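S.K.: Got a predicted structure here, sequence first:
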Amino acid sequence: MKRREFLKKAGVGAAAAGAVAAPAIVKAQPTISWRLASSFPKSLDTIFGAGEYAAKLVNEMSGGKFTIRVFAGGEIVPGLQVLDAVQNGTVEIGHTAPYYYVGKDPTWAFGTAIPFGLNARQYNAWWYFASGDKLFNEFSEANGVVSLLAGNTGAQMGGWFRKEIKSLADLQGVKMRIGGWGGQIMAKLGAVPQQIAGGEIYQALERGTIDAAEWVGPYDDEKLGFNKVAKFYYYPGWWEGGPALHLQVNKKSWEGLPKDYQAMLTAAAHGANEYMMAKYDAQNPAALRRLVASGTQLRAFPREMMEAAFKAANDLYAETAAKNAPFKKIYESYIAFRNDSITWMRVTENTFDDFMATVKK
Ligand code: CA
């Protein structure tokens with residue numbers, strides 16, 4: 001259709017002409033400049049990049065009136081203190097993994113992942129359509145922030161091991177770099193969890209100070225060179241089946257935004273969520289191929305270890321829910337959704353994927 005015909009049919013010509021004739025009714029957009037503190041280093045280009053992508057979208061959607069400058073972890077505040085910086089107004093917005101703050105309250109875990117929790121697609125479905133957003137934001141807002149879902153790594157890998165783990169017995173005394181609840185559960189299984197910053201893992205593995213380490217997945221792990229110091233690459237990362245990231249906005253800053261800027265930021269968060277998962281899905285296959293070609297041996301965690309971990313996780317959730325009402329409320333919604341979704345996904349999605357993975361192509 002020619003442009004003139006389209007404009008005539010849609011009645012756009014008349015509306016546009018009216019807008020030009022009466023510019024006084026157009027409300028001026030305020031100029032707003034925010035700082036975004038990311039929890040992540042620039043070297044994690046896919047995760048850090050999701051925050052940058054959201055900021056770029058807002059800048060462009062607002063015609064440069066609403067600008068967000070992005071700072072890497074450590075530039076304004078340390079990566080693990082982004083929530084604090086947003087809460088106290090040091091920055092208006094952060095891009096972070098809310099489970100970093102489980103020490104303040106374990107309920108924050110539902111902003112990222114709990115062991116044996118939701119995968120990325122399930123998280124999106126729960127967040128957007130099954131009360132996730134509503135429930136988590138009740139909790140977030142009570143703590144002074146608004147949380148906008150903005151990224152996911154997809155299921156992570158189980159990490160790098162110097163020796164093979166063929167049974168639960170092989171895990172006894174294994175010193176593994178793994179944080180959070182995954183680490184607590186590993187401890188219940190007999191391993192010895194270690195807290196080590198990303199930049200120091202390689203050296204610790206090389207020197208044998210630790211026996212194993214988890215990080216993210218093939219694309220990010222390859223950049224840190226773990227394949228040169230540990231031979232066995234395990235899957236799946238059952239503690240991070242679909243860890244989500246959020247843009248967390250200071251509640252007062254959010255409430256002070258005009259509605260159109262709130263809509264831009266919401267749309268930018270949706271965009272970042274899609275961007276990050278798609279970028280990992282595009283980059284991980286080739287990275288995994290390169291790792292295997294370099295001699296990395298892929299191994300699945302033994303089923304008895306997974307089952308013991310699953311039991312330990314459920315015990316931990318029952319204990320936590322018994323003493324934390326906000327945790328219990330979100331946990332019940334999250335787990336009910338997980339169980340329903342698994343029943344549906346296995347019918348056709350999983351059988352399709354399984355067939356495609358095993359058929360000769
Ligand atoms: Ca990880």
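M.R.: Cool, got the structure.
S.K.: mind listing what the residue nearest to Leu148 when sequence neighbours are not counted touches?
M.R.: Of all residues not flanking Leu148 in the chain, Ala269 sits nearest, at 3.7 Å (Cβ to Cβ, 6 or more residues apart in numbering). All C-beta atoms are positioned from the backbone trio N, CA, C, and that covers glycine. Listed by Cβ atoms under 8 Å, 6 or more residues apart in numbering, the contact partners of Ala269 are Ala54, Leu148, Leu149, Ala150, His246, Leu247.
S.K.: Please apply the same query to Asp211.
M.R.: Contacts of Asp211 (Cβ under 8 Å, 6+ apart): Phe161, Arg162, Lys163, Val174, Lys175, Met176.
S.K.: 10 Å instead?
M.R.: 160-163, 165, 171, 173-177, 191-192, 194, 204-205, 230 (Cβ atoms under 10 Å, 6 or more residues apart in numbering).
S.K.: Make a PyMOL selection of the buried ones in the residues you listed.
M.R.: To isolate the buried ones among those in PyMOL, judged by 16 or more other Cβ atoms under 10 Å, type:
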select buried, resi 160+161+162+165+171+174+175+176+177+191+192+194+204+205+230
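S.K.: Please list which of the contacts of Asp211 also come close to the ion.
M.R.: Among the contacts of Asp211, no residue is within reach of the ion (Cβ under 5 Å from the ion).
S.K.: Among the contacts of Asp211, name the ones in strands.
M.R.: Members of the contacts of Asp211 lying in strands (criterion: DSSP state E): Trp160, Phe161, Lys175, Met176, Arg177, Val192, Gln194.
S.K.: Among those, which pair sits farthest apart?
M.R.: Farthest apart among the ones in strands among the contacts of Asp211 by Cβ to Cβ are Trp160 and Val192. That separation is 15.9 Å.
S.K.: contacting residues around Lys328?
M.R.: Lys328 neighbours (Cβ under 10 Å, 6+ apart): Thr107, Tyr317, Ala318, Thr320, Ala321, Ala322.
S.K.: Which one (most neighbours) among the residues you listed?
M.R.: Thr107 (25 neighbours; other Cβ atoms under 10 Å).
S.K.: so it sits in a strand?
M.R.: No. Assessed with DSSP: H, G, I helix; E, B strand; the rest coil, Thr107 is helix; it does not lie in a strand.
S.K.: What average pLDDT does stretch 197-204 get?
M.R.: Averaged across stretch 197-204, pLDDT comes to 90.
S.K.: Show me what it is in contact with.
M.R.: 40-41, 43-44, 73, 79-80, 159-160, 175, 177, 194, 196, 209-211, 213-216, 220-221, 224-226, 228-230.
S.K.: Among these, which lie within strands?
M.R.: Filtering those for strands - DSSP E - leaves Gly159, Trp160, Lys175, Arg177, Gln194, Ala213.
S.K.: What is the burial count for the last one?
M.R.: The tally of other residues near Ala213 (other Cβ under 10 Å) stands at 26.
S.K.: Return the residues in contact with it.
M.R.: Ala213 neighbours (Cβ under 10 Å, 6+ apart): 159-162, 175-178, 194, 196, 198, 200-202, 204-205, 221, 224, 226, 229-230.
S.K.: any idea which of the contacts of Ala269 is closest to the ion?
M.R.: Nearest to the ion, judged by Cβ to the ion, of those is His246 at 16.5 Å.
S.K.: would you say the closest one is within a strand?
M.R.: Yes. Assessed with three-state DSSP, His246 lies in a strand.
S.K.: Checking the residue lying closest to it once chain neighbours are set aside next. Helix, strand or coil?
M.R.: Spatial nearest neighbour of His246, chain neighbours left out: Ser147 (4.5 Å); criterion: Cβ to Cβ, 6+ apart. What three-state DSSP gives for Ser147 is strand.
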